[in-house]
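**Student:** need the 3D shape of this:
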Amino acid sequence: MANETHWARCQCGRLGAEARSDTRPQVVACHCLACQRRTGAPLGVIAYYPAGDVTISGEAQRYSRTTDSGAAFTNAFCATCGSTVAIETAKEPPMIGIPVGAFADPGFAPPERSVWEESRHAWVTLPADIPHFLQGRIAPKAQP
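**Tutor:** Here you go, the predicted structure:
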């Protein structure tokens, strides 16, 4: 995944993101209730890139919420089809997340950690060899 460029886009193609990086993105599977509602799926999987490595094209609508840790979490989504294409967080260093599904690439890198497993659907399983956390990555680890 290093030294590669990946393109993501919404369902209708009006909003896109180009992610290029010299390093593998941080891919996180999140089972929190907010991600379940954001995706309409039992979990969200987001690839995080340094903010300077992502270019957004098209017009995005934004929705911000406060996370359990108190940080801002902003979804950039298409006003036409509603697909989230980018996520901005208030964490340091500045990162831009792109939902892995927006890449439409079955060969994309798998998650390197799983967070908020306290609200994980019991039938969802992820590889046992990645870190599993009951909440965020500073919370106690969950049993996979």
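
**Student:** from now on I want contacts and neighbour counts done on CA atoms only, so please keep to that.
**Tutor:** Fine.

**Student:** quick one: mean pLDDT for stretch 8-28?
**Tutor:** Averaged across stretch 8-28, the pLDDT comes to 94.

**Student:** C-alpha coordinates for that stretch, CSV please?
**Tutor:** The C-alpha coordinates for stretch 8-28 follow below in CSV (Å, rounded to 0.1, in the frame of the first residue of the first chain):
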residue,chain,number,x,y,z
ALA,A,8,-12.7,7.0,-3.5
ARG,A,9,-16.0,8.3,-4.6
CYS,A,10,-19.7,8.5,-3.7
GLN,A,11,-22.4,6.4,-5.3
CYS,A,12,-23.3,9.1,-7.9
GLY,A,13,-19.7,10.1,-8.6
ARG,A,14,-20.1,13.8,-7.7
LEU,A,15,-17.8,13.7,-4.6
GLY,A,16,-14.4,12.0,-4.6
ALA,A,17,-11.2,11.8,-2.7
GLU,A,18,-7.7,11.0,-3.9
ALA,A,19,-5.4,9.5,-1.2
ARG,A,20,-1.7,9.2,-1.8
SER,A,21,0.7,8.1,0.8
ASP,A,22,4.2,6.9,1.3
THR,A,23,3.0,4.8,4.1
ARG,A,24,0.2,2.3,4.7
PRO,A,25,-3.0,4.1,5.9
GLN,A,26,-4.2,3.4,9.4
VAL,A,27,-7.3,1.2,8.8
VAL,A,28,-9.7,1.0,11.8
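
**Student:** check which helix or strand A109 maps to.
**Tutor:** Here A109, judged by DSSP states H and E, is contained in no helix and no strand.

**Student:** that one reaches V28, doesn't it?
**Tutor:** No: under the criterion of Cα atoms under 8 Å, A109 makes no contact with V28, lying 10.3 Å away.

**Student:** ok, these two, which is more surrounded?
**Tutor:** Taking other Cα atoms under 10 Å, A109 and V28 do not tie; V28 has more neighbours (20 against 14).

**Student:** for the more buried one, helix, strand, or coil?
**Tutor:** strand (DSSP: H, G, I helix; E, B strand; the rest coil).

**Student:** look at A8 and give its secondary structure.
**Tutor:** Applying three-state DSSP: A8 is strand.
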